[in-house]
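Predicted model and sequence follow; I will ask about them next.
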Amino acid sequence: MSLRDKVKAQIAELQATLTELDTLEGKTYEIESAGNLRARVKSKPKTPKYATGITWLDEKLNGGFQEGSFINIAGESFSGKSTMVLNILANIAEYNKCLFFSFEMYENLLSHKIENLNQYQDKNLLIEQYRNDLDDVVGLIKLYASKGVKFVAIDSKMKIKVSGNGEDHQKASLISSTLAKLCQETGVIIMLINQISEADLRNGRFALKGSGDQVYDSDFIFFLTVKEDEKTGITKRTFMCTKDRYNGKKWKYEMQENSFISKSIPCEEKIYVPSI
């Protein structure tokens, strides 16, 4: 480990300690009874679901994603993962702040993909392109969660840098467990674009590349596959849910060419966000 990495690790450890102290300051923690936990949760304001704006997906999710959800979406190259995630972000930006870590696309291409955003989406969709160390990603999510961001997407897991010389599956597990814990702590929804295991795909199975604890950590796991019909030349996409912790079901949706088209999301008041 280089001196720079050692210093960064020490800083990260100190920041974690400070965060823990801030959390504990002025509070006394005791083992809680089931009755107290239920009463405390019921006394909280009802948390909304966050609609994606994609009609068929929201129907499958019974209205959208719950706060604190950690979502893995994986697929083949050119299956449309980034396009779909950007559409979801744009739709949520109609009514709430969201954050996009764009580590895959050159800014010219990204600018082209978001050129049709309206004034609300332009202000509510925040973009980070360069700080891709895991510690930086965590710090930025915590910062913007405190400013009202509720939905985060990261493109992609493969571009997140992790210090140390561990095996790929260890790094994948660290990224997964860290982001899952962050969702639990902040209530933020994180959608992580992941990579499909090509070896498993060839054998007719669907798995996240890197294995480890990614399945265990995830609240939702989605796979997006693409295939061109040899007779018609039509591209067919299949969207599969292999884990849904909230609704307890698996499902598959055969996507049409217009499956990314969004509906208008009703909300009482669109949020205009000043620069932050």
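All right, it came through fine. Remember, it's a predicted structure, so these values are computed and weren't measured experimentally. Numbers count the residues shown, from 1 in each chain.

Do a quick rundown of the helices in the stretch 1-150 of the chain.
Here the stretch 1-150 of the chain has its helices, by DSSP state H, counting those that start in this stretch, at 3-24, 34-43, 55-60, 81-92, 107-113, 119-124, 134-145.

Format these as TSV; extra columns: distance to Gln66 and mean pLDDT.
No exception for glycine: its C-beta is placed from N, CA and C like everyone else's. Shown next, in TSV, are the helices of the stretch 1-150 of the chain (distance: least, C-beta to C-beta, whole Å; pLDDT from 0 to 100):
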stretch	distance to Gln66	mean pLDDT
helix 3-24	22	69
helix 34-43	13	89
helix 55-60	13	93
helix 81-92	14	94
helix 107-113	27	95
helix 119-124	20	94
helix 134-145	16	96
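
Out of the ones you listed, which gets nearest to Gly164?
helix 3-24 (7.7 Å; C-beta to C-beta).

Please pull out the lowest mean pLDDT helix or strand from the protein.
Here the helix or strand of the chain ranked lowest by mean pLDDT, DSSP states H and E is helix 3-24, holding a mean of 69.

hmm, back to that, for Lys181, find the nearest of the helices of the stretch 1-150 of the chain.
helix 134-145 (9.3 Å).

Just the pLDDT at the residue nearest the centre of the chain, thanks.
For the chain, the residue nearest the mean C-alpha position is Met191 (1.3 Å; C-alpha atoms, centre = their mean). Per-residue pLDDT puts Met191 at 98.

Check Asp200 too.
At Asp200, pLDDT is 70.

Count residues in the vicinity of Lys147, would you?
Using other C-beta atoms under 10 Å, Lys147 is surrounded by 11 other residues.

I'd guessed it sits against Asn96; true?
No. The pair Lys147 / Asn96 is not scored as a contact, 11.6 Å apart, by C-beta atoms under 8 Å.

What strand or helix carries Lys222?
Let me fix one detail, which is that residue 222 is Phe and not Lys. Assigned by DSSP states H and E, Phe222 belongs to strand 220-228.

State the next helix or strand along the chain beyond that strand.
Next along the chain after strand 220-228, taking DSSP H and E as the criterion, comes strand 235-244.

buried residues in the next helix or strand along the chain from that next one?
Using DSSP H and E, the next helix or strand after strand 235-244 towards the C-terminus is strand 251-255. Within strand 251-255, the residues that count as buried by 16 or more other C-beta atoms under 10 Å are Tyr253, Met255.

circling back: just the buried residues of the strand holding Phe222, please?
Buried, per 16+ other C-beta under 10 Å, within strand 220-228: Phe220, Ile221, Phe222, Phe223, Leu224, Thr225, Val226.

residues near the closest residue to the second one other than its chain neighbours, how many?
Residue nearest to Ile221 in three dimensions, not counting chain neighbours: Lys243, with 4.1 Å by C-beta to C-beta, 6 or more residues apart in numbering. The local packing of Lys243 (other C-beta under 10 Å) involves 16 other residues.

Please apply the same query to Arg245.
Neighbour tally, Arg245, other C-beta under 10 Å: 12.

Single out the most deeply packed of the helices of the stretch 1-150 of the chain.
When the helices of the stretch 1-150 of the chain are scored by mean count of other C-beta atoms under 10 Å, the highest mean neighbour count falls to helix 81-92 (a mean of 22).

Distance from it to the middle of the chain?
Centroid displacement of helix 81-92 relative to its chain, using C-alpha atoms, centre = their mean, to the nearest Å, is 11 Å.
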